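J.: Sequence first, then the predicted structure:
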Amino acid sequence: MTAVHYRTQKVGEVEVFYREAGPADAPVLLLLHGFPTASHMFRDLIPELADRYRVIAPDLPGFGQTKAPDRGVFTYSFDNLAEIIEGFVEAIGLERFALYIFDYGAPTGLRLAIKHPERIAAIISQNGNAYEEGFSDEWGPWQAYWRDPSEANREACRASLSPETIRNWQYGTGADPELLSPDGRELDIAYMARAGAEEVQLDLILDYRSNVALYPQFQTYFREHQPPFLAVWGRHDPAFVPAGALAYKQDLPDAEIHLLDAGHFALETHHGEIAQHIRDFLGRVLPSR
């Protein structure tokens with residue numbers, strides 16, 4: 001089995017932690033995680049792909065093991081997350097790569113795509129939304145905060161960060177409990193308990209409105225550049241519903257859509273099935289070594 005390496009890369013004032021595996025000369029797959037997790041969400045997927053691809057998974061600023069300045073020194077916005085990941089990509093010398101986007105990783109990665117379309121060889125979305133059709137009806141507190149960023153509305157979003165919400169709503173909804181390891185969710189809960197973590201996440205929840213504002217630009221990119229596209233989407237996701245996966249076909253008629261019998265964190269229960277879809281897809285759209 002190919003070894004996974006754990007490394008760091010300095011990008012400005014941020015020390016980006018990342019996981020890497022696979023041959024140095026293989027086609028590159030960049031994995032971008034979501035909320036409230038980190039690159040550990042790919043711990044089971046990376047070994048399934050690293051025999052054929054150079055697989056790289058960084059922790060975004062504010063998440064996991066990446067070290068970034070405190071809020072007030074560093075602004076926790078999606079523009080800045082994308083800027084750091086762009087700097088990371090350049091620092092480790094990635095010129096062209098397939099992009100795996102999940103949750104927060106979608107608006108982060110798609111910012112890179114609209115800025116540097118020539119770098120994107122293909123896109124894989126695992127519950128990574130880019131269409132308003134993808135929102136469930138459970139976004140009320142966040143949307144109220146976007147409309148009115150009052151302290152009361154900020155506090156109303158804090159429940160999204162609780163251990164119960166992470167454990168039962170984000171991870172548990174629609175997932176087979178006998179297949180759902182506690183490792184990922186409990187690590188996420190521990191990360192959220194760190195000093196200052198909740199305030200960083202509440203800043204990002206407010207800034208999520210900037211992602212929705214960019215959806216038309218993301219969709220224009222899809223129409224104009226037609227990147228090869230695969231969706232491997234947990235159909236029971238309580239936040240991003242299957243309509244969000246199917247909506248990609250509006251602009252990418254050749255998109256391949258697979259709706260899995262899984263929840264938001266589909267890799268936790270279906271990493272083998274997702275890996276097989278990815279191997280089949282990338283085997284057809286990426287050049288071999």
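T.: That came through fine.
J.: Glu15 - that's part of a strand, no?
T.: Yes. Per DSSP: H, G, I helix; E, B strand; the rest coil, Glu15 lies within a strand segment.
J.: For it, name its beta-bridge partners.
T.: For Glu15, the beta-bridge partners are Lys10, Lys67 (DSSP bridges).
J.: so it makes contact with Thr8?
T.: Yes. Between Glu15 and Thr8 there is a contact at 5.2 Å, judged by Cβ atoms under 8 Å. Any C-beta I mention is one placed from the backbone N, CA and C, and that applies to glycine too.
J.: Am I right that His5 falls within a helix?
T.: No. Counting by three-state DSSP, His5 is not part of a helix but strand.
J.: what sits against the residue nearest to it when sequence neighbours are not counted?
T.: Spatial nearest neighbour of His5, chain neighbours left out: Glu20 (4.9 Å); criterion: Cβ to Cβ, 6 or more residues apart in numbering. Glu20 is in contact with 4-5, 7, 54-57, counting by Cβ atoms under 8 Å, 6 or more residues apart in numbering.
J.: got the CA positions of whichever strand or helix holds Glu20 in CSV?
T.: Per DSSP states H and E: Glu20 is located in strand 14-21. Provided in CSV are the C-alpha atoms of strand 14-21 (Å, rounded to 0.1, in the frame of the first residue of the first chain):
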residue,chain,number,x,y,z
VAL,A,14,-0.5,30.4,7.2
GLU,A,15,1.2,27.1,7.7
VAL,A,16,-0.9,24.7,5.6
PHE,A,17,-1.0,21.1,6.8
TYR,A,18,-1.6,18.5,4.1
ARG,A,19,-1.7,14.8,3.4
GLU,A,20,-0.1,13.5,0.3
ALA,A,21,0.2,10.0,-1.3
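J.: what does the helix or strand that comes right after it contact?
T.: Where DSSP H and E defines the elements, the next helix or strand beyond strand 14-21 is strand 28-32. When contacts are defined by Cβ under 8 Å, 6+ apart, strand 28-32 is touched by residues 39, 42, 45-46, 49, 53-58, 60, 85, 89, 94, 96-102, 104-106, 108-109, 124, 278, 282.
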